[in-house]
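Novice: After the sequence you'll find the predicted model.
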Amino acid sequence: MSETPLLTVIIPAFNAGAFVREAIESVLENGFSDLELLVIDDGSTDNTVEVVNAIHHPALRLVRQQTNQGVGRTRRLATSRARGRLLAMLDADDIAVPGRFALQVEYLEAAEAPHIVGGAIENFGDRAGVVEFPLRDAEIRAGLLFHDLPIANPAVCMKLAALREAGVNYGEHRGAEDYALWVDALCAGLRFANLPTVVTRMRRHAASLTRLKQSEAEAPARALRARIAERFFPHMTPPQRAALVEALSVNIGGGQRWIDGVCALAQAARCADAVTGVDAATLCRLLKDNFLRMLRYALDHQLIDNDLLEMLTETNADFEHWRMADDGALDLQIVELVSAAG
């Protein structure tokens, strides 16, 4: 292995003895040789270390932490130890698709390339199916305001110098470490892209990191979403932005909180064209999807009635503008949901 390889691949591992060998082999047998593979053992109490030490390859380095530090600190340590010019991520229970790294390296080495590139993922195990993500930077930026992240951490490859120069690294946002990195990168002006092809197979099982993080992520994700809302919508008042973040983060019951949330969504949609560097059409579509989710939840739980909905849709100027700009499609979807609810 070169002292300055082109690519460092990072695998954080905690009690991953059942899967880590397959993850490591998917990197070493990927068809890309100018790399180092940095496995960080995060205080495992199973046979993870023994499995890694049994693999003999000049590109493989194992770093051990004596106590469990969590995935954020582990990735932060790995990023600081990386020697490569580019940095790719993979979880210890996932598999890199053959040819992934050559494809991503070629993309990042091209002229006018972004700083961070991901790709589609293929779920397997408890859940199956391919998940595709928006391809362009402006679409990805729009998606970062919402719950479903528009770029997958185990599928990314990044320019390490750009991260270091911008002071961007994984942090302490427990359960939302990936989201925090993307928000910091967005605020630092780094650019994103996704490839249209599957680059990582993501194992879905009861003990997976992805599943375990979901219950921890609500509070930090909400705070990160508030940062983006402030950046995207500086002319909204703090209470309006707070209502927007709440509408995007939780299922709101009826009453004034629900009205405030819908009004904030409508105001954000009206301001979408003014958000710099963001695809306005994507932003408006995602805001509408969120409103329809809110409406379906409220109708299903009988938290609003037709009088309240009619009052909202006919008296709020931002909502009226939203309806008109959508050429009747939003009205039709509202009618369909109300009819389905009986």
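Specialist: Received the coordinates, thanks.
Novice: going forward, measure contacts between C-alpha atoms and count neighbours the same way
Specialist: Fine.
Novice: Dig out what residue 95 forms beta bridges with.
Specialist: residue 201 (DSSP bridges).
Novice: Make sure residue 115 is actually in contact with residue 159.
Specialist: Yes - in this structure, residue 115 is within contact of residue 159 by CA atoms under 8 Å, at 5.4 Å.
Novice: Name the residues contacting each of the two.
Specialist: Residues touching both residue 115 and residue 159 by CA atoms under 8 Å, 6 or more residues apart in numbering: residue 108.
Novice: what about residue 53, how many residues close to it?
Specialist: A count of nearby residues for residue 53, using other CA atoms under 10 Å, gives 12.
Novice: Distance of it relative to residue 8?
Specialist: The spacing between residue 53 and residue 8, counted by CA to CA, to the nearest Å, is 19 Å.
Novice: again with residue 31
Specialist: As judged by CA to CA, residue 31 and residue 8 stand 14 Å apart.
Novice: Just confirm residue 57 is within a helix.
Specialist: No - when DSSP: H, G, I helix; E, B strand; the rest coil is applied, residue 57 is found to be coil, with no helix at that position.
Novice: got the contact list for it?
Specialist: With CA under 8 Å, 6+ apart, residue 57 has no contacts at all.
Novice: on that earlier part again, so if I had to pick from residue 31 and residue 8, which one is more boxed in?
Specialist: residue 8 (27 against 13).
Novice: What's the per-residue pLDDT of that one here?
Specialist: Predicted confidence (pLDDT) for residue 8: 97.
Novice: so it bridges to which residues?
Specialist: Beta-bridge pairing for residue 8 (DSSP bridges): residue 36, residue 87.
Novice: any idea how far residue 106 is from it?
Specialist: From residue 8 to residue 106 the distance is 15 Å (CA to CA).
Novice: cool, residue 180 as well?
Specialist: On the measure of CA to CA, residue 180 and residue 106 end up 27 Å apart.
Novice: more crowded one of these two?
Specialist: residue 180 (24 against 10).
Novice: what does the model give the most centrally placed residue in the chain for pLDDT?
Specialist: Centroid-nearest residue in the chain: residue 149, 3.0 Å away (criterion: CA atoms, centre = their mean). At residue 149, the model reports a pLDDT of 92.
Novice: Could you do the one 3 residues further on as well?
Specialist: You'll see residue 152 listed with a pLDDT of 96.
Novice: is it true that it touches residue 118?
Specialist: Yes - between residue 152 and residue 118 there is a contact at 6.5 Å, judged by CA under 8 Å.
Novice: Compare those two and say which is more crowded by neighbours.
Specialist: Of the pair residue 152 and residue 118, residue 118 is the one with more neighbours under other CA under 10 Å, namely 29 against 22.
Novice: and after the one helix or strand that one maps to, which helix or strand comes next?
Specialist: Counting by DSSP states H and E, the element that carries residue 118 is strand 116-125. Heading C-terminal from strand 116-125, the first helix or strand you meet, by DSSP H and E, is strand 129-131.
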